[in-house]
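A.B. asks: fold the following for me, if possible:
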Amino acid sequence: MTEEALSTDTVFCQSLVATGMLTRKQMLNAAARYKLGRSGDGGVVFWEIDERKTVRDGKIMFYADDCHRIKDRNASWVSSRMTQHYGYPGQLPVERCLFGLHLLEPGRTVAVVEAEKTAVICSELFPQYLWMAAGGMTMLSAAKLYPLREHKVVVFPDTDPDGKIFDDWQKTAEAAQAEFKHPIRMSRILEDHATPEQKAAKIDIVDLIFGQ
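C.D. replies: Numbers count the residues shown, from 1 in each chain. Purely as a prediction, here's the structure:
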């Protein structure tokens, strides 16, 4: 993938600035860091690039001006579109990886969240961590965590009314723990500080920071 693949000409990137979540400079830094792209129909492309800098795939998502996902436009994958429209033979690696895995550096602490959007924003707000995303509530796995085994890792699950997301991610972290040099830490910031209304809305840490 070349630098020409990068694009900030998406509603997602522009809304990060318009909503005050990031300054324009921060947005540009984050877009370059994660090599954000643009699909032909205007969606943001969150490339999944592994620790060897190999592109696994790209998730295409659509956002409104308020930087929230457009619910009636489902996410799709670059590989699926290429197969559908161009008869692409599907030679991209089929195994998913953490979004942001290409940023892995020796000695750096990794923070794992659910959404790519959250990783992008937090990478500028809290640069002491390397921010990566599982890509969905049910998308975290021991296999995805395995490349982080030499690193200190903090996991930031989204929240929900009954704590199920936290419990599920904790079980996944425990399943991966045997391979890890350091204990995987589970952040309880949302479990301990989100209001009942916020838990009902299943917020993440960006929602907590910006009062959404």
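
A.B. asks: tell me which stretches of this structure form helices.
C.D. replies: Remark: helices assigned in the chain by DSSP state H are 11-18, 24-34, 78-86, 116-125, 142-145, 164-176, 189-193, 196-200, 205-209.

A.B. asks: buried ones in the helix or strand bottoming out on mean pLDDT in the chain, by neighbour count?
C.D. replies: Here the helix or strand of the chain ranked lowest by mean pLDDT, DSSP states H and E is helix 78-86, holding a mean of 79. Across helix 78-86, burial judged by 16 or more other Cβ atoms under 10 Å covers V78, S79, R81, M82. (Each C-beta comes from the backbone N, C-alpha and C, glycine too.)

A.B. asks: now find how far off-centre that helix is within its chain.
C.D. replies: 22 Å (Cα atoms, centre = their mean, to the nearest Å).

A.B. asks: so how far is A133 from the spatially most central residue of the chain?
C.D. replies: Nearest to the geometric centre of the chain sits E116, at 2.4 Å (Cα atoms, centre = their mean). Per Cβ to Cβ, to the nearest Å, E116 is found 5 Å from A133.

A.B. asks: shared neighbours, the two?
C.D. replies: With contacts taken as Cβ atoms under 8 Å, 6 or more residues apart in numbering, the residues that reach both E116 and A133 are F46, F99.
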